[in-house]
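Asker: Please work out how this folds:
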Amino acid sequence: MQKQLLVSDVGFVVRSFRPEIDAAIHRVLDGGWFILGPEVEAFEADFRGLTGSAHGISVASGTDALELALRAVGVLPRDLVITVSHTATATAAAIERAGAVPWFVDVDPDRYTMNADALEESFSAVQGRRVGAVVPVHLYGVPADMDPILRIASSYDAPVVEDAAQAHGAVYRGKTVGSIGSAAAFSFYPTKNLGALGDAGIVTTEDTEVAEAVTLFRQYGWRSRFVSETPGTNSRMDELQAAILRVLLPHLDELNEARRTVASLYGEALSGSTVNLPFGGVGHEGTTAVFHQYVVRVPASERDAVRQKMADDGIQTSIHYPTPVHLQPAFVDAPSGNLETTERISREILSLPIGMHVTDDDVERVSNSLLAALAGRPRGG
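Answerer: Next up is the predicted model:
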């Protein structure tokens, strides 16, 4: 029986760079500084170089990054924050932790990211309530269509905060994700394209005032030790995670290119079938996706059977995300527009294995299993 092929394999990445990771950990242990020290400062500078942003403020998680970014751009308690329901729950949780109320809008059926027309409609429907910010999510490593989103948000004086938790290194029309809106939030959860070995996050921004606010918020509102100028929290990246991220950041292009290669091979193998393939790659209006997930769509009535057949073939699949946020118990009372596309695709999406651990032979194996499960003809069969 063939070894199970995982959707994501953090262990493979760790093994690939283990000597460098071990050296970084020992460097921190020998240095004796474990919170907000030289490793954190160096990583912040390195990550600014990736995004081209003027500021990068590390925090304890991607959820914290989004919450503190929202507070820093001026979101107030009871403000509406417009975002999508087809996302990780963390997006909405961060909005609520900032004291605001998420307003969910529908997604584009190709990108699976915020639909600009739905955003425009939502501004017309808020009925005088203040919109504190707009949060487009660069889902699955595919940049949202930012130009119309920025134009619409600007016309209503609403800052745009990018949820870039799944899009490290992605490019939208020549601009690196994380440098497009008023601020951006990244996660370094272990399964991300750039992942730590624990939780960590960062806020990027061009705005000095926003950067200063996040810096205050992440450590009790301190500008000087033990003196809180504003209500803050404890959201600090530790030195070990920063050191590990410093090891992996120079390899991000390699890690992303491996994902793009796998995505291209899937595209070739599944082209012409009934499988709906994901948006992304060079040539899509200057957009370069980084394929945090490789998400196809299959008929809703067949998805469970397809997953079982592929599992029987030793292939793990996943669903990102099976229940839209607006249908989850914690958020059923949140306001929203028409979410027809969101609800439809949630019943059809299927994540296939992707990453450095997936070989050319694995792509053929996955593609054959998927096509066979859909009663298609496997290549070479």
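
Asker: Give me the secondary structure label for Thr204.
Answerer: At Thr204 the chain is in strand, as set by DSSP: H, G, I helix; E, B strand; the rest coil.

Asker: Tell me, how many residues neighbour Ser224?
Answerer: Number of residues near Ser224 (other CB atoms under 10 Å) recorded here: 7. For every residue, glycine as well, the C-beta is placed using N, CA and C.

Asker: nope, Ser301 is what I was after
Answerer: Ser301 has 9 neighbours, counted by other CB under 10 Å.

Asker: quick one: it and Arg347, what's the gap?
Answerer: Noted for Ser301: a distance of 9 Å to Arg347, by CB to CB, to the nearest Å.

Asker: now do Gly201
Answerer: Taken as CB to CB, the span from Gly201 to Arg347 is 31 Å.

Asker: more neighbours, the two?
Answerer: Gly201 (29 against 14).

Asker: Enumerate every residue touching the nearest residue to that one once chain neighbours are set aside.
Answerer: With sequence-adjacent residues excluded and distances taken as CB to CB, 6 or more residues apart in numbering, Gly201 is closest to Ala65, at 3.7 Å. By CB atoms under 8 Å, 6 or more residues apart in numbering, the contact set of Ala65 is 59, 94, 165, 185-187, 201-203.

Asker: Determine which residue lies closest to the centroid of the protein.
Answerer: For the chain, the residue sitting closest to the mean C-alpha position, by CA atoms, centre = their mean, is Gln166 at 2.2 Å.

Asker: how about that residue, phi and psi?
Answerer: In terms of degrees, to the nearest 10, the main-chain angles of Gln166 are phi -120, psi 20.

Asker: Can you get me a residue count around the closest residue to it other than its chain neighbours?
Answerer: Excluding its sequence neighbours, the residue lying closest to Gln166 (CB to CB, 6+ apart) is His292, at 4.0 Å. A total of 26 residues lie near His292 under the criterion other CB under 10 Å.

Asker: what about His292, distance to Asn193?
Answerer: 6 Å.

Asker: hmm, back to that, tell me which element the residue nearest to Gly201 is part of?
Answerer: helix 62-72 (DSSP states H and E).

Asker: Can you pull out the residues in contact with the longest helix along the chain?
Answerer: Identified as the longest helix of the chain according to DSSP state H is helix 252-270. Here helix 252-270 makes contact (CB under 8 Å, 6+ apart) with 13, 50, 141, 168-169, 193-194, 248, 277-278, 280-281, 289-292, 294, 296, 352, 354-356, 358, 360, 363-364, 366-367, 370-371, 379.

Asker: In strands, which of those residues fall?
Answerer: 294, 296, 352 (DSSP state E).

Asker: Please name the bridge partners of the last one.
Answerer: This points to Leu352. Using DSSP bridges, the beta-bridge partners of Leu352 come out as Tyr294.

Asker: What is the burial count for it?
Answerer: Neighbours of Leu352 (other CB under 10 Å): 28.

Asker: now do the first one
Answerer: By the criterion of other CB under 10 Å, Tyr294 has 26 neighbours.

Asker: Look up the residues that both of His292 and Asn193 are in contact with.
Answerer: Both His292 and Asn193 are contacted by 141, 166, 259, under the criterion CB under 8 Å, 6+ apart.

Asker: Among the residues you listed, which one lies nearest to Leu5?
Answerer: Arg259 (15.0 Å; CB to CB).

Asker: For that closest one, report the pLDDT, please.
Answerer: Listed pLDDT for Arg259 reads 97.

Asker: for the one 3 residues further on, same thing?
Answerer: With respect to pLDDT, Val262 scores 97.

Asker: Gly280 too?
Answerer: With respect to pLDDT, Gly280 scores 73.

Asker: now swap in Arg379 and tell me
Answerer: In this model, Arg379 carries a pLDDT of 46.

Asker: Check Phe226 too.
Answerer: The predicted local confidence for Phe226 comes out at a pLDDT of 88.

Asker: Show me where the protein has its helices.
Answerer: Under DSSP H, the chain gives helices at 10-16, 18-31, 38-51, 62-72, 89-97, 116-125, 146-155, 208-217, 239-248, 252-270, 303-312, 340-346, 360-373.

Asker: what's the angle between the third one and helix 252-270?
Answerer: Right, the one you point to is helix 38-51. 50 degrees (axes from the mean of the first three to the mean of the last three CA atoms, to 10 degrees).

Asker: returning to what we had before: what's the residue nearest to Gln166 in contact with, if anything?
Answerer: Contacts of His292 (CB under 8 Å, 6+ apart): 140-141, 166-167, 192-193, 259.

Asker: Following the record's annotation, map out the domains of the chain.
Answerer: The record's domain split for the chain, according to automatic domain parsing, is 11-250, 252-373.

Asker: on that earlier part again, which of the shared contacts of His292 and Asn193 lies closest to Ser85?
Answerer: Looking across those and measuring by CB to CB, the closest to Ser85 is Gln166, at 15.9 Å.
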